[in-house]
Structures are given as structure tokens and as C-alpha cells.
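Peer 1: A structural model of the following input is requested.
(one chain, ligands or ions: 2)
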Amino acid sequence: MYGFSAPMTPSSPLILALRLHNSIPPPRFHVSFSSVSRSMSPAMEPQERPQVEASAPRSNDFSSDGVAHKSKVTVVGSGNWGSVAAKLLASNTLRLGSFHDEVRMWVYEETLTSGAKLTDVINSINENVKYLPGVKLGKNVVADPDLENAVKDANMLVFVTPHQFMEGICRKLVGKIKSNVEAISLIKGMEVKMEGPCMISSLISQQLGINCCVLMGANIANEIAMEKFSEATVGYRENRQIANKWVQLFSTPYFLVTAVQDVEGVELCGTLKNVVALAAGFVDGLEMGNNTKAAIMRIGLREMKAFSKLLFSSVKDTTFFESCGVADLITTCLGGRNRKVAEAFAKNGGKRSFDELEAEMLQGQKLQGVSTAREVYEVLSHRGWLELFPLFATVHEICIGHLPPSAIVEHSERRARLSLLDGSATQYC
Ligand SMILES: NC(=O)c1ccc[n+]([C@@H]2O[C@H](COP(=O)([O-])OP(=O)(O)OC[C@H]3O[C@@H](n4cnc5c(N)ncnc54)[C@H](O)[C@@H]3O)[C@@H](O)[C@H]2O)c1
Ligand SMILES: O=P(O)(O)OC[C@H](O)CO
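Peer 2: Ligands and ions are numbered 1, 2, ... in the order given. Modelled structure (predicted):
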């Protein structure tokens, strides 16, 4: 079987409740690879019901001679989430007439312990044995170790690498992509430059001169790989039609995507929750219990909102109630990698470094929270805001060994003067 063999039955209570609220498309389960028929498969109707695919011609782009062109999708990245993203996209490019079937996936090449190249293995058994073992990606996913070659024909670029590698990747892509490319970033992180913080979507837009949306949410990749029901949020700047196209390209019966016009709010939620997840992991490692963890999550959410609104006055309160906000915070603090490694860090009394624990526990997968905590701390100290964000500041100081893990509670208890933050904010980057 291939494609939509969702584990939830069409009559499961959750699916029924969601459908009653008109927020989930009707079931199209058990579509096999061979039986996918463009003319017969109905258009996906995600929550905000984009009409891109539903309206008569199936293609979106037309040349001057009126000939329709199909969009080509490339995924830049092939880690745990990158591989799942490729799987999601590949099931939809087969189904939607306005996309080429093939989804190209750029792989940061490595040699496996067997001596084989990761790319060769992915292409021969259709599985990313290192970052997503046991899951077939779809036969239309093609792994490519050559970055330039992977992007050269793409109209739609999906960026999903750990954030620390994006600056170098963008530098390599300058002048190598088509002029009409649309991009989306699934990357949870930011850069801090001399001028101030720079979100990864802005880095992509500025370095490559292209529009870039974001997709964030309560999305532990391994669960989505198993086709368990999840939600996600697309953040867009102005072009609603492009946002709809991304919603359509990612939506499946088990992956429900909603678009909101708040690119910075969505991206900051996805970025900052990783810092709170470290705090939650410290609490778990110290066995402080659920009430303490809930308190830390609440304080963290308050700091996420205040920090986001201080950086970008356009950030909307409602964004924090989308999947990218409170839902992602909860799932990451319960089951994410940042939480898990922070728990081990606290259990070891801070004596083993995050780098060491990451290498041992994640085997090549990367944490985003530790570097994000440092980046946030840089912004806070630059702007004189350290006192206003005790949880964010304390997480960084614990990570670098200046404070013990137990400080997470002692220091986060200090009353933050967040009422001071309800002022206007300047837009940076
Ligand atoms: N895994 C998840 O559950 C999940 C869910 C949502 C969002 N995200 C976000 O997606 C982004 C990517 O995470 P992931 O889970 O796909 O990756 P990962 O942590 O599983 O894997 C690390 C990836 O980095 C690559 N890499 C290593 N060194 C590199 C280099 N020098 N240059 C370029 N690439 C290099 C590796 O080949 C591998 O593909 C992160 O921002 C993460 O926060 C992850
Ligand atoms: O495993 P983490 O901590 O990187 O979090 C994964 C995702 O961001 C959860 O949505």
C-alpha cells in the first residue's frame, strides 16, 4: 500500500468531531500507488479551502502561448523532518495535477557505517535509513547529493535543515535558482546579526531574493511518518494564493494545515518553543513533577509572546492559539528531542555537555534549542531586556554551565515585568 492509509478510521470520534466543524476533508483512505488517478482524485480541501486546484485548469502557471506548466518541488534537507516532509509532499504531487510527480530531496551526503552512501541507499530502497528508518518515502522521492542540481528546475523550494546550516546553504544557492521560485521554511530557528535578529525565512528571502512562507506546528516527525493525525500552520506575508498552494501541497487527511497572515508570529513560535522545551526537560530531569512543568510551560509561553511582539509589532495574539503556538509548545515539552536531551543534561547535574549528549543520544540529528537560547540571550543582553525574560535567560545560563539545572525554577519564579513589554516594537532584519 502507498499513500493515504491513515491509521484513524473515517468514523473515529476525533475525525467525526473535526468534520462536524468543517475542518477536515472527507476521507480518501487506501489510495494505492498504482490507483492514483489525477482525473478521479478530488481536490484536497484544507481548512481555509484554497481553490487553486479546484478551479478548472489544473495547472497554475501559464506561458505566453497559454501552455500550462507544472510546478516542480525540491526539498532542501533530508533529516528526520525533512524526510517526512518529502513523504507528505510526494503523496500529494502524485495526486495533484499541477505538480510534477517527482519530489527531489537534497541530501547532505554522508557515508554510512556499511560504507554505502546515504543517497544511494535512499534511492535504492526508498528509505532514509539514517534519519527515518523503517518508513518508505514514496517512489517519486529522488535523493540528490548535488545541491545545485537538486534546485535548478524547481519552482517550489521547501527548506528543512537545522537552522545553523542555512546561511551557508543560501550562499551556495545565490544565482542557482529560477527567478520565479516560491519558498517555504520548515526550519525552527533564527540567526543573530550585527543589525539584530534575523528569522530564517528573512534570511532566505534576502539572500535569494524570493518570497518565503513558513510552516510550523505540533509536528514530531516520527508521528507524522506513521500518519497519526496532526495539525500545522502556514504563515504568509501577503500573497494568500501562494499560501493556499502550500496548504494544498502539504495537506493530507492526517495532516491538517491552516494558513495565517503572520509569518513572523508563526516562525517565532516554532523557534522559541525549543528554548521552553529545554526548561521542561530540566524539570523532568530533576523529577519536579507535572505542576512545575506546567508552570514552566506557562511562563515560557508568556515570554514567547512578549518577545515576539517586542521584535515585530505585527505579531498577532491569535497566532499563539494555532498549532504553531500552544500546541507545538505542548508536544515539544512532552515528546521532543530538546526536552529529552535537556532531561539527560539535568540528570547528569550539567556535567556532560549538550554537544556530547546530542551526539550520543540523537546520532546525527540536531538540537535547535541550545543555539536558539544563546541567540535569544544575545538579543536580550543587547537590548537590555535580560530582566524581562528570566526563563529564556536562565535556560541559556544553565546550558553554558553558569547556573545549575535547578535554577530553572528559582530564577523563572522572579516576577517578570512583562507589562513593560506592551509597547510598540521595531522591526529588525
Ligand atoms: N524532527 C522533527 O520532529 C521536527 C519537526 C518539526 C520541525 N523540525 C525542524 O526541522 C529542521 C530540520 O530538522 P530535521 O529533524 O529534519 O533534521 P535532523 O536533526 O534529523 O538531521 C540533521 C540534518 O542535518 C544534516 N547536516 C549535518 N551536517 C550538515 C551540514 N554541515 N550542512 C547541511 N546539513 C547538514 C544531516 O545530514 C541531517 O539531514 C529543524 O529546524 C527542526 O527544528 C524538526
Ligand atoms: O524534537 P524537537 O525538540 O526538535 O521538536 C520537534 C518539533 O519541532 C515538534 O513540533
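Peer 1: For residue 196, name its beta-bridge partners.
Peer 2: residue 193 (DSSP bridges).
Peer 1: My guess is it contacts residue 379. True?
Peer 2: Yes: look at residue 196 against residue 379 with CB atoms under 8 Å: they come within range, at 7.1 Å. (C-beta placed from N, C-alpha, C; glycine too.)
Peer 1: For this structure, what lies in contact range of ligand 1?
Peer 2: 77-82, 108, 131, 160-163, 165, 186-189, 219-221, 365-366, 368 (CB under 6 Å from any ligand atom).
Peer 1: swap the cut-off to 5 Å and go again
Peer 2: 78-82, 108, 131, 161-162, 165, 187-188, 219-221, 365-366, 368 (CB under 5 Å from any ligand atom).
Peer 1: In the chain, what residue lies closest to ligand 2?
Peer 2: residue 336 (2.7 Å; CB to the nearest ligand atom).
Peer 1: neighbours around that residue, how many?
Peer 2: Applying other CB atoms under 10 Å, we find 24 residues neighbouring residue 336.
Peer 1: Grab the nearest non-local neighbour of it.
Peer 2: residue 277 (5.2 Å; CB to CB, 6 or more residues apart in numbering).
Peer 1: can you pull the pLDDT of the one you found?
Peer 2: pLDDT, residue 277: 98.
Peer 1: So which other helices or strands are in contact with the helix or strand that residue 104 is a member of?
Peer 2: Secondary-structure assignment from DSSP states H and E places residue 104 in strand 99-106. Secondary-structure packing of strand 99-106 (3 or more CB pairs under 8 Å, 6 or more residues apart in numbering; DSSP states H and E): strand 71-76, helix 80-95, strand 141-144, helix 147-151.
Peer 1: which parts of that strand are buried?
Peer 2: Of the residues in strand 99-106, 99-106 count as buried by neighbour count, 16 or more other CB atoms under 10 Å.
Peer 1: and of the residues you listed, the nearest to residue 289?
Peer 2: residue 105 (42.0 Å; CB to CB).
Peer 1: what ranges of this structure fall below the confidence cut-off?
Peer 2: 1-68, 413-429 (pLDDT under 70).
Peer 1: Switch the helices and strands packed on strand 99-106 over to a markdown table; also include mean neighbour count.
Peer 2: Listed next are the helices and strands packed on strand 99-106 as a markdown table, based on neighbours: other CB atoms under 10 Å:
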| stretch | mean neighbour count |
| --- | --- |
| strand 71-76 | 25 |
| helix 80-95 | 25 |
| strand 141-144 | 22 |
| helix 147-151 | 18 |
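Peer 1: Turn the ones you listed into TSV, columns for distance to residue 326.
Peer 2: Output for the helices and strands packed on strand 99-106, formatted as TSV (distance: least, CB to CB, whole Å):
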stretch	distance to residue 326
strand 71-76	28
helix 80-95	20
strand 141-144	32
helix 147-151	35
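Peer 1: can you tell which of these is closest to residue 284?
Peer 2: Per CB to CB, nearest to residue 284 of these: helix 80-95, 21.1 Å.
Peer 1: May I have stretch 350-366 exported as PDB, CA atoms only?
Peer 2: The C-alpha atoms that make up stretch 350-366 are tabulated as PDB, following Å, rounded to 0.1, in the frame of the first residue of the first chain:
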ATOM      1  CA  GLY A 350      25.100  19.600  34.000                       C
ATOM      2  CA  LYS A 351      28.400  17.700  34.000                       C
ATOM      3  CA  ARG A 352      28.100  16.300  30.400                       C
ATOM      4  CA  SER A 353      27.800  18.900  27.700                       C
ATOM      5  CA  PHE A 354      24.900  19.200  25.300                       C
ATOM      6  CA  ASP A 355      27.200  18.500  22.400                       C
ATOM      7  CA  GLU A 356      28.200  15.300  23.900                       C
ATOM      8  CA  LEU A 357      24.700  14.200  24.800                       C
ATOM      9  CA  GLU A 358      23.400  15.200  21.400                       C
ATOM     10  CA  ALA A 359      25.900  13.100  19.600                       C
ATOM     11  CA  GLU A 360      25.300  10.100  21.900                       C
ATOM     12  CA  MET A 361      21.500  10.300  22.000                       C
ATOM     13  CA  LEU A 362      20.500  11.600  18.600                       C
ATOM     14  CA  GLN A 363      23.100  10.000  16.300                       C
ATOM     15  CA  GLY A 364      23.300  12.800  13.800                       C
ATOM     16  CA  GLN A 365      20.000  14.600  14.400                       C
ATOM     17  CA  LYS A 366      20.500  18.100  15.700                       C
END
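Peer 1: Okay, buried residues for that stretch please.
Peer 2: 350, 354, 357-358, 365-366.
Peer 1: Let's see which of the residues you listed end up in helices.
Peer 2: Of these, the ones assigned to helices by DSSP state H are 354, 357-358.
Peer 1: Closest one of those to residue 386?
Peer 2: residue 354 (21.2 Å).
Peer 1: Please state the backbone phi and psi of the residue nearest the centre of the chain?
Peer 2: For the chain, residue 186 is the residue whose C-alpha lies nearest the centre (CA atoms, centre = their mean; 3.4 Å). Main-chain torsions, residue 186, degrees, to the nearest 10: phi -110, psi 10.
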